[in-house]
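**Q** with the sequence up front, the predicted model follows.
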Amino acid sequence: DLDLTALTGSFKKGGYDEYLSKQSSTGASAEEVVIEGENYSETKGMDAAVLENYEGRQGKAVKTGDAGTISWAFEVSQDGLYNVKMNMYTEPGKESDIERELRIDGNLPFNEARSITFNRIWTNEQQSFERDDRGNDLAPNQVEMPMWQDTVIKDGTGFYEEPFLFYFSKGKHTLSLTSVKEPLVIDQLKLSKPQTTPSYQEVASRYKAEGYGPAKAVSIKLQAEQALYKSTPNLLPYNDRSSPALEPFHVSKQRNNAMGGWAWRLPGQWI
């Protein structure tokens, strides 16, 4: 087994690795703590408003501005490491990613918590491609699709693949989000046990026990350039002429027949 405490000196001071090494003897919590967004304890320098039945979501939520801090007070009954999940609505703003700083009990748990990023959701303005006067497909305009999202707080740079773990001791705590940029509507925050992905063998055994069999006579083809949602407006359909097997293909005209390409290279991007 890897002894994290022995490696503490090699970790970047104040970084997430050092933070986890200090919690090496702490197990994951099995408790779940639900914090309703509208039940915030205080705000500082922020225009916050409680919304009711907002954008199809029943109940109350809180709209947080693009500046200032909002905090929630809560209590946990079990020491342990938790993921922090959030149910949120990407309120229209200046069309950039949403960014927050996260603090626990007024302190920054680790450096990476200074910049927590949440993606907006984008789509093609229309799925049929317009053409220029020479008959070539044009790239579609990108428009934002604000919607409710369930997300778990993680590293936006992709350096850490798994969602962040946060240590909470038994007792009373506060969690604060400081706006770096863009507004955000928050319905609920949830402290939960870390997510675990089952192995293929476990899933296959469950499928067999439930009586699932192989699909027959089914063929579903999806054209990648007809992507429904994406994390950035930079992910566009484009023309790839490397093979006539690409669909659609034209010997002389440009046809949008592929998706992503060089634009799809940054950690955390999704289509």
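**A** Yep, that arrived.

**Q** residues in contact with the residue nearest the centre of the chain?
**A** With distances taken as Cα atoms, centre = their mean, the residue of the chain nearest its centroid is Thr151 (4.8 Å). The contact partners of Thr151, taken as Cβ atoms under 8 Å, 6 or more residues apart in numbering, are Lys85, Met86, Met88, Phe118. Quick note: C-beta positions are derived from backbone N, CA and C, even for glycine.

**Q** the last one: neighbour count?
**A** As a burial measure, the neighbour count of Phe118 was computed by other Cβ atoms under 10 Å and equals 18.

**Q** how about the residue nearest to the centre of the chain, phi and psi?
**A** The phi/psi pair for Thr151 (degrees, to the nearest 10) reads phi -140, psi 150.

**Q** who is it paired with across the strands?
**A** Beta bridges link Thr151 to Met86, judged by DSSP bridges.

**Q** quick one: the helices in the stretch 1-150 of the chain, in order.
**A** Assigned by DSSP state H, counting those that start in this stretch, the helices in the stretch 1-150 of the chain fall at 16-22.

**Q** which secondary structure elements does the biggest helix by length in the chain sit against?
**A** In the chain, with assignment by DSSP state H, the single longest helix is helix 200-209. Contact analysis of helix 200-209 by 3 or more Cβ pairs under 8 Å, 6 or more residues apart in numbering; DSSP states H and E lists no helix or strand as a packing neighbour.

**Q** buried sites along that helix?
**A** Buried residues in helix 200-209, counting neighbours by 16 or more other Cβ atoms under 10 Å, are absent.

**Q** how about stretch 122-140?
**A** Buried residues in stretch 122-140, counted by 16+ other Cβ under 10 Å: Trp122, Thr123, Asn124, Phe129, Asp137, Pro140.

**Q** for the residue nearest to the third one when sequence neighbours are not counted, what are its contacts?
**A** Nearest-residue entry for Asn124: Pro140, 4.1 Å, with adjacent residues in sequence omitted and distances by Cβ to Cβ, 6 or more residues apart in numbering. Contact analysis of Pro140 by Cβ under 8 Å, 6+ apart lists Asn124, Glu125, Gln126, Gln127, Phe129, Glu130, Leu236, Pro237.

**Q** mind redoing it with 10 Å?
**A** Applying Cβ atoms under 10 Å, 6 or more residues apart in numbering to Pro140 gives the contacts Thr123, Asn124, Glu125, Gln126, Gln127, Ser128, Phe129, Glu130, Glu225, Leu236, Pro237, Asn256.

**Q** with Ile104 instead?
**A** Each residue near Ile104 by Cβ under 10 Å, 6+ apart is listed here: Val84, Ala113, Phe166, Tyr167, Phe168, His173, Thr174, Leu175, Ser176.

**Q** quick check: the farthest pair among those residues?
**A** Spatially, the most separated pair among the contacts of Ile104 is Tyr167 and Ser176, at 16.0 Å (Cβ to Cβ).

**Q** compare the two (neighbour count), which wins?
**A** Ser176 (22 against 16).

**Q** if I look at the more buried one, how far off is Ile116?
**A** The gap separating Ser176 from Ile116 is 12 Å, by Cβ to Cβ, to the nearest Å.

**Q** which neighbours do the two share?
**A** Arg100, Glu101, Leu102.

**Q** using TSV, lay out the residues you listed together with pLDDT.
**A** Below are those laid out as TSV (pLDDT from 0 to 100):
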residue	pLDDT
Arg100	98
Glu101	98
Leu102	98
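
**Q** would you agree Ala139 is in contact with Pro237?
**A** Yes: Ala139 is in contact with Pro237 according to Cβ atoms under 10 Å; the separation is 6.5 Å.

**Q** give me the common contacts of the two.
**A** Between them, Ala139 and Pro237 share these contacting residues under Cβ under 10 Å, 6+ apart: Asn124, Phe129, Asn256.
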